[in-house]
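Novice: Can you look at this prediction? I've put the sequence above it.
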Amino acid sequence: MRRFASLGLAATIALALGGGGWSPAGAAGAKPSCKSTVGTLKFAPALPRLGNPKKVASTLSASAIKVGGCVGGGVASATATLNAKFAKLGNCTTFGNGVSNSASGKLVFNWNTGQSSTVGVTLSTVLGKPTTLKLTGPVSAGLFKGAKVTQTVIYTPANGGCTKTALAKATFKQTAPLAIK
């Protein structure tokens, strides 16, 4: 009986010290990886369609981003908002030709735990992939402060955006898990 009690005590101590790969939800150092991110981007002003030489300084925004399937850091899901302005003037032609352009701004996650994370985010166009954006940035406030967020998303223009009309709206989904490290 003492042997079982000793083993139980040893297991409890090992778990409390982080043994066995277990850590309590929200433990310091634990960071999430999330399996799905979807949402709708708005471009304001809209990017002029292919063939239109006009260029604009567009701002990206999204207010109902859904993040799910999170493992680690004591969180399971989030809703998020994004607001970022492109550094250079552009249009659908410059995006289609792979002209390098990045957008900087703020991304805010509102986690299922009631906590939030604010990210100083940069979205960069990906050479040769005109509808792909790479997202990076440090968590500047809230849960996971000091960690770095990375993700790549692909967007699909809505309503003939870029081909028939100016690009005002697009849906997006991640191509790799959202990582906070």
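Specialist: Done, it's in.

Novice: residues of stretch 50-63 that come out buried?
Specialist: Leu50, Val56, Ser58, Leu60, Ala62 (16 or more other C-beta atoms under 10 Å). The C-beta positions use only the backbone N, C-alpha and C, and glycine is treated the same way.

Novice: Once you drop chain neighbours, what's closest to the third one?
Specialist: What that stands for is Ser58. Distance criterion C-beta to C-beta, 6 or more residues apart in numbering; nearest residue to Ser58, sequence neighbours excluded, is Phe43 at 4.8 Å.

Novice: That neighbour falls within a strand, correct?
Specialist: Yes: counting by DSSP: H, G, I helix; E, B strand; the rest coil, Phe43 is found in a strand.

Novice: need the contact list for it.
Specialist: Ser58, Thr59, Leu60, Leu167, Ala168, Lys169, Ala170 (C-beta atoms under 8 Å, 6 or more residues apart in numbering).

Novice: Show me what it is bridged to.
Specialist: In this entry, Phe43 is beta-bridged to Leu60, by DSSP bridges.

Novice: Ser104 contacts Val121, doesn't it?
Specialist: Yes: if you go by C-beta atoms under 8 Å, Ser104 and Val121 touch, sitting 7.1 Å apart.
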